[in-house]
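J.: let's see this in three dimensions:
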Amino acid sequence: MSDSGADNYETFEQEYVLYKNRPEWNDVTPIPQDDGEQAVVQIAYSEKFKDTYDYFRAVLQSGEKSERALELTKDALELNPANYTVWQYRREILFALNKNLWDELEYVKSVAMEYPKNYQIWHHRRVLVERLNDGSQELEFTALILKQEAKNYHAWQHRQWALKTFNLYEFELDYVNELLEDDLRNNSAWNQRYFVINNTTGFTPEVLQREVQYTLSKIEIAKDNESAWNYLRGLLLHEERLINNTTVTKFCEDLYKSGNKSVFLLALIVDMCDEFNSCGSDDKWYTLDLSLKICDELAEEHDTIREKYWRHIAENITKKREKSTETETDTDTQSKTE
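T.: Below is the predicted model:
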């Protein structure tokens, strides 16, 4: 803080008048906090904190709902913005006085900008929006918060609630595209893309084709981007089989042959080899031998932290191959006998 800033802050603190020294509050008897006779830890509250909350407890007990009580809640929240009881009582006062809730949304916005991960703030805003039955400001508001931190869980949760409640999906994919242009590894944006499609068009064959092409183009840019690979896997869940999408199988085959050894590419190839084998395909590339080779590469070089996992997968693959060989031998023997 600059010297002038420090001076202004000190001046503000000097000008602040405790509630106990305000004539307009003489009719209220403050209620001190009762921590019991043998408090385990004695918290060293500031005089301002004790004074404010002593008067808040008195107002809460009496049930007073007035302009001064509303201002008191504001002071109390400035000292502790995570206090659920204060937020709840503030709402009761707002509704009792029929206050302008649009003004309250502006107040919430200012507090949220300072404390963007405070759950009580987000709950308060949601209740207000429900009361107004108008979510027209919520996309802009959450976008503002997400500029501060793109992975703010509360902001994304609130945004998704607003989208579903007020059917605000029209331009949401455009917003997601902008986020992914800024940061291809924004996992929250990939998740939002899935959410939007799942709640609008659904994953029709046409949409799947479009999304697969989009995702593969992003993987081309950043081949070790886990978020994009996870989104691709999510898309393939809407196919009857992983191997049904020849665009993906060809892409993975070509990428592997080019020398790319992304852990996410290798793991997907292992799964596809297993599917090709399970459905009795005679594909010459996606074989169990290839999946064994890749499991060794993952265990020994590319994903050593999960070495035991890949050894386990390789063991299961070996058993499948042995079982397949035994079946082929029995079939041959039966044919010769016949």
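J.: and the helices in the stretch 51-200 of the chain, which stretches?
T.: 67-79, 84-96, 101-114, 119-132, 138-148, 153-166, 172-182, 187-198 (DSSP state H, counting those that start in this stretch).
J.: show me where the stretch 201-338 of the chain dips below the pLDDT cut-off.
T.: 324-338 (pLDDT under 70).
J.: number of nearby residues for residue 197?
T.: Around residue 197 there are 21 other residues, counting by other Cβ atoms under 10 Å. All C-beta spots, glycine's among them, are computed from the backbone N, C-alpha and C.
J.: who touches the nearest residue in space to residue 222 that is not next to it in sequence in this structure?
T.: Distances taken as Cβ to Cβ, 6 or more residues apart in numbering place residue 184 nearest to residue 222, at 5.1 Å, with adjacent residues excluded. Going by Cβ atoms under 8 Å, 6 or more residues apart in numbering, residue 184 touches 218, 221-222, 225, 227-228.
J.: change it to 7 Å
T.: 218, 221-222, 225, 228 (Cβ atoms under 7 Å, 6 or more residues apart in numbering).
J.: swap in residue 260?
T.: So residue 260 contacts residue 223 (Cβ under 7 Å, 6+ apart).
J.: in three-state terms, label it for me.
T.: coil (DSSP: H, G, I helix; E, B strand; the rest coil).
J.: how about stretch 174-185: buried residues?
T.: 175-176, 179-180, 184 (16 or more other Cβ atoms under 10 Å).
J.: farthest-apart pair in the contacts of residue 184, please.
T.: 221 and 228 (8.8 Å; Cβ to Cβ).
J.: returning to that earlier point: would you list the helices of the stretch 51-200 of the chain in CSV and tack on mean pLDDT and distance to residue 236?
T.: Formatted as CSV, the helices of the stretch 51-200 of the chain follow (pLDDT from 0 to 100; distance: least, Cβ to Cβ, whole Å):
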stretch, mean pLDDT, distance to residue 236
helix 67-79, 97, 47
helix 84-96, 98, 43
helix 101-114, 97, 38
helix 119-132, 98, 34
helix 138-148, 97, 28
helix 153-166, 98, 23
helix 172-182, 97, 19
helix 187-198, 98, 12
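J.: in JSON lines, list these along with distance to residue 272.
T.: As requested, those are exported to JSON lines (distance: least, Cβ to Cβ, whole Å):
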{"stretch": "helix 67-79", "distance to residue 272": "54"}
{"stretch": "helix 84-96", "distance to residue 272": "50"}
{"stretch": "helix 101-114", "distance to residue 272": "45"}
{"stretch": "helix 119-132", "distance to residue 272": "41"}
{"stretch": "helix 138-148", "distance to residue 272": "35"}
{"stretch": "helix 153-166", "distance to residue 272": "31"}
{"stretch": "helix 172-182", "distance to residue 272": "25"}
{"stretch": "helix 187-198", "distance to residue 272": "21"}
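J.: of those helices, which is nearest residue 239?
T.: Of all these, helix 187-198 comes closest under Cβ to Cβ, at 14.9 Å.
J.: how far does the closest one sit from the chain's center?
T.: Centroid displacement of helix 187-198 relative to its chain, using Cα atoms, centre = their mean, to the nearest Å, is 10 Å.
J.: buried sites along it?
T.: Of the residues in helix 187-198, those buried (16+ other Cβ under 10 Å) are 187-197.
J.: what angle sits between it and helix 153-166?
T.: If you take axes from the mean of the first three to the mean of the last three Cα atoms, to 10 degrees, helix 187-198 sits at 10 degrees to helix 153-166.
J.: helix 187-198 to helix 138-148, inter-axis angle?
T.: Using the same axes, to 10 degrees: helix 187-198 against helix 138-148 is 160 degrees.
J.: restrict helix 187-198 to CA atoms and write it as PDB.
T.: Extracted as PDB, the C-alpha positions of helix 187-198 are listed here (Å, rounded to 0.1, in the frame of the first residue of the first chain):
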ATOM      1  CA  ASN A 187     -10.500 -28.400 -18.700                       C
ATOM      2  CA  SER A 188     -13.500 -26.400 -17.400                       C
ATOM      3  CA  ALA A 189     -14.200 -25.100 -20.900                       C
ATOM      4  CA  TRP A 190     -14.100 -28.600 -22.400                       C
ATOM      5  CA  ASN A 191     -16.500 -29.800 -19.600                       C
ATOM      6  CA  GLN A 192     -18.800 -26.900 -20.400                       C
ATOM      7  CA  ARG A 193     -18.700 -27.800 -24.100                       C
ATOM      8  CA  TYR A 194     -20.000 -31.300 -23.200                       C
ATOM      9  CA  PHE A 195     -22.600 -29.800 -20.900                       C
ATOM     10  CA  VAL A 196     -24.000 -27.500 -23.500                       C
ATOM     11  CA  ILE A 197     -24.300 -30.100 -26.200                       C
ATOM     12  CA  ASN A 198     -25.700 -32.700 -23.900                       C
END
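J.: not counting the following helix or strand past it itself, show me its contacts.
T.: Proceeding N to C from helix 187-198, the next assigned helix or strand is helix 205-221, under DSSP states H and E. By Cβ under 7 Å, 6+ apart, the surrounding residues in contact with helix 205-221 are 180, 184, 197, 201, 225, 228-229, 231-232, 235, 238, 245, 247-248, 251.
J.: noted, bye for now.
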